[in-house]
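Undergrad: what would the 3D arrangement of this be:
(3 chains)
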Amino acid sequence: MSQLPTENNMNSRMILVCCGTGCQASGSLDVLASLRSLLASDTGTAVQASTKSTGCNGLCEKGPLVKILPDDITYCQVTVEDVPDIVKSLQDGTLVQRLLYRDPVTKQHYRSHHETGFYKKQHKLALRNIGEIDPADIRDYLDRRGYQALRKALAMSPAQVIDEVLASGLRGRGGGGFPTGRKWKSCAVVDHAPRYVICNGDEGDPGAFMDRSIMEGDPHTVLEGMIICAHAIGASAGFIYVRDEYDLAVVNLNQAIRDARAAGYLGNHIQGSGLDFDIEVVRGGGAFVCGEETALIASIEGNPGEPRDKYVFPTAKGLWGQPTVINNVETWANVPVIIDRGAAEFAAIGTAGSKGTKVFSLVGKVVNTGLVEVPMGTTLREIIFDIGGGIPKGRRFKAVQTGGPSGGCIPANLLDLAVDFDSLTAAGSMMGSGGLIVMDDRTCMVEVARYYVNFLAGESCGKCTPCREGISLMLEILTRITEGHGTIADLDLLENLSATVQAASLCALGRTAPNPVLSTLKYFRDEYLAHIIDHRCPAGVCKELTEFYIDADLCTGCGLCRKKCPADAVTGEKKQPHVIDAAKCIKCGECINNCRFQAVKIR
Amino acid sequence: MMNIRQALKLFLQACCARRVPDSGACPAGGESGHTYACTKGDGAEMAVDPQQAAVQHSMERIVWQYPPEQRYILAIMQDLQKEFNYLPREALSLTADHVQVPLGKVYSMATFYKAFSLTPRGRINFKACDGTACHIKGSLVIIDELHKCLGIKPGETTADGEFSLETVNCLGACAIAPVLVANHKVHAKVTATAVREIIKTYGGRVDEPVAN
Amino acid sequence: MKIIIDGIETTASPGETLLDVARGLGIRIPTLCYHEAFGGKGVCRLCMVEVIAGGSARLVASCTYPVTGEIEVRTTTPEIEQIRRNIIMLLHRRAPGSEFIQDLYREYGCPGSVPAADPDERCIMCRLCTNACETLGACAITAVSRGTDKRIDTPYGEASPDCIGCCACAEICPTKAIDVVRTADHYAIWNKEFDMERCAGCGRPFISRPYQAHISELVGQELSGEQLCPVCRKKQAGGVIADVHRNRS
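TA: Numbering: from 1, shown residues only, chains lettered A, B, ... in the order given. Just a heads-up that it's a prediction; the model follows:
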């Protein structure tokens, strides 16, 4: 164990245990409980340390994460068994080497997460507090300039606040990218009271959990943003619509609202001003379409979440027909930063058309999966390789999907694309809410298109013909192709249908549904053709078009595939080339995924 | 001889008669925490067994805690789903009466939102995450294996009421994909073999793979 | 406000929909889900038109798009024709059992499509029936579930206590998808049976009891027993007019 340099306040430590959903799923609550009980026991009291549970630190791949302050030590993949060693190390002033973050490429150990490739290139604005504070304790938020922005805003006129948000260049972080200041301004001029403020927490893009982390890990930043807006547009009530599946977010938001009320940041005469404003949490019912703002409004009103034509915006006629500002969770999280530090500082980050930072959930076939926040303009390559650590198991990068079911796939030759609203749209995809799904050569792009269309078919509200029927037919065609019954005419029909669904659907769900299909057709047409003409799936995913076999020249007979196979389809003696029985093989891919010698191949 | 609907209606009317003589509407307190005390009405003859009465009382308590407005339908149904593991018919009628909205509208909402089920979910409710990260890491393998072992597809429950299966989109635990949740317990990096072990842990019977 | 539709200059009131303006000019824009009683709902998307404003063009649903400025409109373009063709093709795939849709399918020269599961299905989910039922205040039928599972039904598919048997839904349905099974003195719709009241004049059964009760409630008068069927009512009105003329001369 290595020695720490002496510091003057080693006597009192703060141990932060990440209790974001990812780490919780890996057992962090048990780690926290074990730490607390050990510290409270006789052996523990000698170590003056207190514990705090925090929200998501972002490096979910390495969870459960435990951080020690003020030493700035980060321990990864901590289990209950490691707890005694950690407590002992605090007493001795040493480090538990085996728990430190180890860079997969350089093999170097890092003491603090701040030094790692994952965190070095990040710039945290929306995520500034998460992982550092206990979301259930308003004092932690206040200690880090919490509600300073609100005080400042209340001393400004509503018009000044709107001008500041306009000057920052903040664009909606939920996917639309609409300039936030313009939205607020257009609502403020509508002479019709009452006005409402809504937070869209119905984060539904599969693979995206940015908003979840913010709502769970730093709920007050969302509240503060909304209260500032209430002052700017003259709103009397706010609603946070949270996706039904996000239990912890609902609990933490409600706690934060109670605490904010008690501290005088919500309710009547907020901080002695003339502003009366309160916020209510509304839980969704399990419908992706409710992320669309008119469907969300319909849902709050007590209806099925069916959107309406948006020729008149919610800023003019929204909730119960009143002028309403709806913004995404991450957008709200940026507002206090803009008011506190000033629009100019925010606008100095990012690109000409996209100011500030963006939070991404970097998931899929990437070494460091988790949440990252980077300045707009960072390239995809930097995010996936420098921060994300590249593709695991020595496989090859194939594509990255951005924008969720409304977005598109971006191939390897576009990796140097700067991430910002306009360049992603120009490449045939979109920013979306921030999901970045990394795919390797074992991902079938036709199957990905089918997956997204299947998702949307289940989530379509069913109101309008092009979306309801069009997506269903697109799904039928894509399923046929992945099962080996596709024809060339199917590709023409897909493109023809896509044009109609894009042009005629009532809402953005339908209008953007063809995007994954069109972008995979654009960049990976050869894969479609392989399915249709050659009746094979090059990635080895579509079961009817895949056959795995073992290359006897490369196989070392280690037997790993035989052990992993759930269908007993692999046979072979130790150190002898193994064989796959195609009749028994269920095409689950465990063999090819685990083989260290690239000996399992796709016919 | 009355049926349950008529009995329930009389029961409710008798309760209402104590508070609001004219309308039949039940005032509820909502935020003020004003809960509605249920007392047996006078002269209401019915044959309701104690267990049924307890269930009805439970439904009323849940529904009547909310203000009688359409916008609370979702919240009411969420509480009912949590309590009963599905939405009982009587509860939906009660909701419609309380918020003064036709039953058709309430039914429409109960079937639109997938958080709810009109039939009871299994003792063990499996949620297989089919979010994109889990999908490309093999969530279909899990779903197939569950189908093989339990005979149910997403949205179905086994005949004995033990297990039900649904797919969900992204639980936010993408680093430990593919994820399978059993009644709030999260299982990480699940494989086909692990599925069989998990089913056995929850008391299910699993046949080992047989040579073809 | 001055707007130009298909080259014709006209004026529109602010908030008036493009569909209303076009109909006022006698320009035919095809619709399936539109009815004057409910206004535009934007459901079928057949009425898409091209709006040119501020130098850019976009497609909008004319039944819900309100005129708010000076614009130019084209009610048909090759792109719009393709969209309409595809929509009819999709509806035919969904509801091949409807003659109305079969006729449209031929009229639009639709490309071939894969027929869907149910050859007898006639419902095109235009929602005219549920709009009618909702306007009446009953909501006995509503749109249930979502996506392609979406269908029109009563709660649990059973006879709805809120259904008064007015049959407005069956009458307004463009594809005759709602069945009314009639006998001499009763009929059934949506799994509910209705006995009919007899005419005080000719004794013919002509209206269901719940429907009559609904009218009584609306009118504020108990009407049972004194009701006349439409034929007898006409005769009676005719008799009154004849009396008036006779007394004059």
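Undergrad: just how off-centre is stretch A:79-93 within its chain?
TA: Mean C-alpha position of stretch A:79-93 versus that of the full chain (Cα atoms, centre = their mean, to the nearest Å) differs by 32 Å.
Undergrad: quick check: buried residues in it?
TA: By neighbour count, with 16 or more other Cβ atoms under 10 Å in any protein chain shown as the criterion, the buried positions of stretch A:79-93 are A:Asp82, A:Val83, A:Asp85, A:Ile86, A:Val87, A:Ser89, A:Leu90. Using the backbone N, CA and C atoms, a C-beta is placed for each residue, glycine as well.
Undergrad: tabulate these (CSV), appending distance to chain B, secondary structure and pLDDT.
TA: Supplementary listing: the buried residues of stretch A:79-93 in CSV, determined by distance: Cβ to the nearest Cβ, whole Å; DSSP: H, G, I helix; E, B strand; the rest coil; pLDDT from 0 to 100:
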residue, distance to chain B, secondary structure, pLDDT
A:Asp82, 18, helix, 95
A:Val83, 20, helix, 94
A:Asp85, 23, helix, 94
A:Ile86, 22, helix, 93
A:Val87, 26, helix, 92
A:Ser89, 26, helix, 92
A:Leu90, 27, helix, 90
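Undergrad: so which of these reach chain C?
TA: Near chain C, judged by Cβ under 8 Å from any Cβ of the partner chain, there are no entries from those.
Undergrad: for chain C, see how far away A:Leu380 is.
TA: Distance of A:Leu380 to chain C, given as Cβ to the nearest Cβ, to the nearest Å: 30 Å.
Undergrad: let me redo that: A:Cys18
TA: From A:Cys18 to chain C the distance is 37 Å (Cβ to the nearest Cβ).
Undergrad: hang on, that residue packs against A:Leu29?
TA: No - look at A:Cys18 against A:Leu29 with Cβ atoms under 8 Å: they stay out of range, at 10.4 Å.
Undergrad: which of those two has more neighbours?
TA: Neighbours were counted for A:Cys18 and for A:Leu29 using other Cβ atoms under 10 Å in any protein chain shown; A:Cys18 has more, 31 against 15.
Undergrad: okay, now the unreliable bits of the chain?
TA: With no chain named, the answer covers chain A. By pLDDT under 70, the low-scoring segments of chain A are A:1-11.
Undergrad: wait, chain B was what I had in mind.
TA: For chain B, the stretches with pLDDT under 70 are B:1-48, B:172, B:175, B:208-212.
Undergrad: what residue in it comes nearest to chain A?
TA: Closest contact between chain B and chain A, by Cβ to the nearest Cβ, is at B:Tyr113 (2.9 Å).
Undergrad: ok, now which ones touch that residue?
TA: Going by Cβ atoms under 8 Å, 6 or more residues apart in numbering or on different chains, B:Tyr113 touches A:Asp244, A:Gly284, A:Gly285, A:Gly286, A:Ala287, A:Pro304, A:Gly305, B:Leu74, B:Met77.
Undergrad: OK, contacts around the residue in the stretch 301-450 of chain A positioned nearest to chain C?
TA: Taking Cβ to the nearest Cβ, chain C has its nearest neighbour within the stretch 301-450 of chain A at A:Asp309, 4.3 Å off. Applying Cβ under 8 Å, 6+ apart, we find A:Asp309 in contact with A:Leu506, C:Gly42, C:Val60, C:Ala61, C:Thr64, C:Tyr65.
Undergrad: try 7 Å this time
TA: A:Asp309 makes contacts with A:Leu506, C:Gly42, C:Ala61, C:Thr64, as judged by Cβ atoms under 7 Å, 6 or more residues apart in numbering or on different chains.
Undergrad: and whichever residue of the stretch 401-550 of chain A sits closest to chain C, how far from C:Ile178?
TA: Going by Cβ to the nearest Cβ, chain C is nearest to A:Gly462 of the stretch 401-550 of chain A, at 3.3 Å. From A:Gly462 across to C:Ile178, the span is 19 Å (Cβ to Cβ, to the nearest Å).
Undergrad: domain map for the chain?
TA: Answering for chain A, as no chain was given. A:13-115, A:138-347, A:357-440, A:445-534, A:547-602 (automatic domain parsing).
Undergrad: ah, no, chain C please
TA: If you go by automatic domain parsing, chain C breaks into C:2-76, C:128-239.
Undergrad: so A:Pro219 makes contact with A:Pro135?
TA: Yes - if you go by Cβ atoms under 7 Å, A:Pro219 and A:Pro135 touch, sitting 5.7 Å apart.
Undergrad: common neighbours of those two, please.
TA: Taking Cβ under 7 Å, 6+ apart as the criterion, A:Pro219 and A:Pro135 both touch A:Asn252.
Undergrad: so how far is C:Ile172 from the closest residue to C:Ala138 other than its chain neighbours?
TA: Spatial nearest neighbour of C:Ala138, excluding adjacent residues (Cβ to Cβ, 6 or more residues apart in numbering or on different chains): C:Asp162 at 4.5 Å. Using Cβ to Cβ, C:Asp162 is found at 18 Å from C:Ile172.
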